[in-house]
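Undergrad: I need the structure of the sequence given here:
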Amino acid sequence: MNVLFDNLSLFTTGFLGTIKLFVVSAIGSLIGGTILAGMRVSPVPVLRAVGTGYVNIVRNTPLTLVLFFFAFAYPRLEIGDLSFFTRACIALVAYTSAFVCEVVRSGINTVPVGQAEASRALGFTFNQTLSQVVMPQAIRAVVPPLTSIEIALLKNTTIAAGFSVVEAGGIYSTLSERGYNVLVGLLWVAVGFLILVTPLTMLQRRLEKQWSLAR
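TA: A predicted model of the protein is given here:
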């Protein structure tokens with residue numbers, strides 16, 4: 001307990017950084033992944049090709065390399081002066097969006113084709129059909145895998161500690177410098193992540209129950 005209470009400010013700062021990084025990246029990846037999924041099912045060949053190419057490239061690229069690019073290669077492009085936190089968020093969004101895209105696309109494929117054909121017969125455009133008919137049903141089908149991806153994103157934020165981003169993954173190095181038992185510190189970090197993951201799991205179960213009753 002001494003490791004926790006003697007370094008309470010360190011743990012608080014670290015986990016606040018993790019929460020900020022996760023919230024921004026989660027929102028960004030859900031938006032980005034949904035847009036990519038729309039591109040992948042789009043009737044426009046160019047959009048389908050771009051969406052497919054992006055997903056295939058990013059999904060097969062280690063997250064460490066993506067973070068390495070934004071941390072060290074991006075500044076050399078001299079496009080803009082962004083903080084490490086912002087670049088870490090962009091990297092996590094870019095990486096996670098590819099996985100969200102595939103989950104959302106699989107949900108879209110579960111919606112009967114007849115519903116999309118009926119909406120087109122009523123004069124709906126592709127965007128209207130996707131947003132008003134297909135997506136509301138698709139999202140209900142992909143809540144469990146989407147939650148799993150967001151939980152994985154929460155754990156992936158620890159990699160950002162290697163790129164000068166203040167978050168829970170970097171607590172161990174500070175504890176080592178202060179002479180505390182690093183193993184005990186890592187156990188407390190694990191407990192902290194367990195506490196953060198629990199609300200996501202509970203939200204998943206609640207939505208599953210609510211939407212299953214609605215159906």
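
Undergrad: first-to-last residue distance for stretch 137-145?
TA: This stretch, stretch 137-145, spans 15 Å end to end (Cα to Cα, to the nearest Å).

Undergrad: repeat that for stretch 56-63.
TA: 14 Å.

Undergrad: what does it rub up against?
TA: With Cβ atoms under 8 Å, 6 or more residues apart in numbering as the test, stretch 56-63 has contacts from V66, A91, L92, A94, Y95, S97, A98, F99, E102, N156, I159. Where C-beta positions appear, they are placed from N, C-alpha and C, glycine not excepted.

Undergrad: tell me the SS of the fourth one?
TA: Just to be clear, that refers to A94. Classification of A94 using DSSP: H, G, I helix; E, B strand; the rest coil returns helix.

Undergrad: so who does it touch?
TA: A94 makes contacts with G32, V58, V66, as judged by Cβ under 8 Å, 6+ apart.

Undergrad: of all the contacts of stretch 56-63, which comes closest to R48?
TA: Lowest distance from R48 to these (Cβ to Cβ) belongs to E102, with 14.0 Å.

Undergrad: quick check: nearest residue in space to that closest one, chain neighbours excluded?
TA: Leaving aside its chain neighbours, E102 sits nearest to V55 (6.5 Å; criterion: Cβ to Cβ, 6 or more residues apart in numbering).

Undergrad: could you measure from that neighbour over to A88?
TA: Distance, V55 to A88, by Cβ to Cβ, to the nearest Å: 21 Å.

Undergrad: what's the answer for L187, then?
TA: Distance, L187 to A88, using Cβ to Cβ: 25 Å.

Undergrad: the more surrounded of the two?
TA: Ranked by neighbour count (other Cβ atoms under 10 Å), L187 and A88 place A88 first, with 26 against 13.

Undergrad: spatially nearest residue to that one (excluding sequence neighbours)?
TA: A88's closest residue in space is A160 (Cβ to Cβ, 6+ apart), at 4.3 Å.
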